[in-house]
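Colleague: Sequence first, then the predicted structure:
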Amino acid sequence: MQNLTIGFIGGGNMAEALIAGLRRAGHAGEHIIVADPQPARREFLTTSYQVISVEDNVVATKRADLLVLAMKPQQMKAAVAGLNVHLKTDASVISIAAGVSTAAMHEWLGEAANIVRVMPNTPALVAAGMSVLFSDAGEIHKVRTEYLLNACGESVRVEREGQMHAVTALSGSGPAYFFLLAEVLQATGEKLGLPADLAAKLAAQTALGAGKMLVESDRTAAELRHQVTSPGGTTQAALDMMYEMGLPDAVRKGVIAASKRSEELAG
Ligand SMILES: NC(=O)C1=CN([C@@H]2O[C@H](COP(=O)(O)OP(=O)(O)OC[C@H]3O[C@@H](n4cnc5c(N)ncnc54)[C@H](OP(=O)(O)O)[C@@H]3O)[C@@H](O)[C@H]2O)C=CC1
Ligand SMILES: O=C(O)[C@@H]1CCC=N1
């Protein structure tokens, strides 16, 4: 797998996270080629990750064994138009765009294209990504895709493409929900008199610790929450207020809104 050339069309935030994961896992920069319209972005990616950067999508497409389509959903149709004739025989084509269905990808790239639909997330940048894949292509294309995704963290397959909307709402967008919570924790710590750097450190390390416990412990999230919550104590005071202010309902409605937006992007 290390000899596969992995191409990216679009070198934005999510492509960078995947590239960082690949490079950390030892995939050679000379086997990664990124096409992006912005010269400054190409320069940045080459300097930071020692990858090959090009302006022309066709150049990256021709060389790629795995081609990752990493532009915005609204940019996808125009970006892939005409690329299918340049694909290597048996190339795997991985779309990471929210909402965009494999049927749409086949419509744009032809029925013969080996399409894998993936929903990654930005913690791939630090090898802690969570990716979900769906594909109607052959096993080899899923296995190759898992090589890429597992270099960046964890991956799972789903058998029903319809589940990708909920996946997108949960793990694709999910890092932003935790970052928002960290922002509020930090700002409130400052308001309560802590220096900014200390408040930021406390929010970040607490998020890391809670995340590690969620991943590593046998206990459920609810059980872990109960362990922190002494009856009549400080956590109880906070959680009572958060429930009263509707925090769980706000999160629930937010995640449902994300899932609906993913359905809308599907057209
Ligand atoms: N960010 C995230 O957390 C996640 C994103 N995704 C998906 O990843 C995809 C990319 O998102 P993200 O990285 O955030 O977006 P970005 O806007 O950061 O990256 C997209 C990149 O593609 C470039 N681009 C646009 N049109 C073309 C084209 N025709 N050919 C080549 N490159 C092009 C853009 O250039 P320019 O700026 O000039 O338009 C930009 O550099 C989206 O489809 C999104 O749904 C999935 C999971 C998580
Ligand atoms: O916000 C978005 O649309 C993309 C998809 C998931 C995360 N970012």
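Modeller: Sure, I can see it. Ligands and ions are numbered 1, 2, ... in the order given.
Colleague: what are the phi and psi angles of residue 52?
Modeller: The phi/psi pair for residue 52 (degrees, to the nearest 10) reads phi -90, psi 130.
Colleague: Report the contact partners of it.
Modeller: In this structure, residue 52 makes contact with 29-30, 32-34, 46, judged by C-beta atoms under 8 Å, 6 or more residues apart in numbering. All C-beta atoms are positioned from the backbone trio N, CA, C, and that covers glycine.
Colleague: ok, now how distant is it from residue 221?
Modeller: With the distance defined as C-beta to C-beta, to the nearest Å, residue 52 ends up 43 Å from residue 221.
Colleague: try residue 150
Modeller: With C-beta to C-beta as the criterion, residue 150 and residue 221 are 25 Å apart.
Colleague: of these two, who's got more company?
Modeller: Comparing residue 150 with residue 221 by neighbour count (other C-beta atoms under 10 Å), the higher total belongs to residue 150, at 16 against 11.
Colleague: Which pLDDT value does the model give that one?
Modeller: Looking at residue 150, its pLDDT reads 95.
Colleague: How about stretch 100-107, which residues are buried there?
Modeller: Within stretch 100-107, the residues scored as buried using 16 or more other C-beta atoms under 10 Å are 100-102, 104-105.
Colleague: Need the contact partners of stretch 74-86.
Modeller: Stretch 74-86 has contacts (C-beta under 8 Å, 6+ apart) with 9-10, 57-58, 61-62, 69, 71, 95, 97, 100, 104-105, 108-110, 113, 265.
Colleague: Filter those residues down to the buried ones.
Modeller: Among these, those scoring as buried are 9-10, 57, 61-62, 69, 71, 95, 97, 100, 104-105, 108-109, 113, 265 (criterion: 16+ other C-beta under 10 Å).
Colleague: near ligand 1, from the residues you listed?
Modeller: 9-10, 57, 71, 97 (C-beta under 6 Å from any ligand atom).
Colleague: Next up, the contacts around residue 30.
Modeller: When contacts are counted by C-beta under 8 Å, 6+ apart, residue 30 touches 50, 52.
Colleague: 10 Å instead, please
Modeller: Contacts for residue 30 (C-beta atoms under 10 Å, 6 or more residues apart in numbering) come out as 5, 50-52.
Colleague: same deal with residue 132?
Modeller: Contacts for residue 132 (C-beta under 10 Å, 6+ apart) come out as 117-121, 149, 154-158, 163-164, 166-168, 170-172.
Colleague: filter those by proximity to ligand 1?
Modeller: Within the set of the contacts of residue 132, contact with ligand 1 (C-beta under 6 Å from any ligand atom) is found for 119-121, 172.
Colleague: now, which of these sits nearest ligand 1?
Modeller: residue 172 (4.3 Å; C-beta to the nearest ligand atom).
Colleague: The closest residue to that closest one other than its chain neighbours: what's it in contact with?
Modeller: Counting by C-beta to C-beta, 6 or more residues apart in numbering, residue 119 is the residue found nearest to residue 172 once chain neighbours are left out, at 4.6 Å. With contact set as C-beta under 10 Å, 6+ apart, residue 119 has these partners: 14, 95-99, 130-134, 158, 163-173, 262.
Colleague: Among these, which are located in helices?
Modeller: Secondary structure defined by DSSP state H assigns 14, 164-167, 262 of these to helices.
Colleague: Filter the contacts of stretch 74-86 down to the ones in strands?
Modeller: 9, 69, 95 (DSSP state E).
Colleague: I'd like the residues you listed as JSON lines, with distance to residue 184 appended.
Modeller: Below are those laid out as JSON lines (distance: C-beta to C-beta, whole Å):
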{"residue": "9", "distance to residue 184": "36"}
{"residue": "69", "distance to residue 184": "34"}
{"residue": "95", "distance to residue 184": "33"}
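Colleague: Select only the buried ones of the contacts of residue 30 in PyMOL?
Modeller: Buried residues within the contacts of residue 30, by 16+ other C-beta under 10 Å, are selected in PyMOL with:
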select buried, resi 5+51+52
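Colleague: Now for the contacts of residue 30: which two are most distant?
Modeller: Farthest pair in these (C-beta to C-beta) is 5 and 50. Separation: 14.5 Å.
Colleague: Does residue 141 touch residue 92 like I think?
Modeller: Yes: counting by C-beta atoms under 10 Å, residue 141 touches residue 92, with 4.2 Å between them.
Colleague: Alright, I will stop here.
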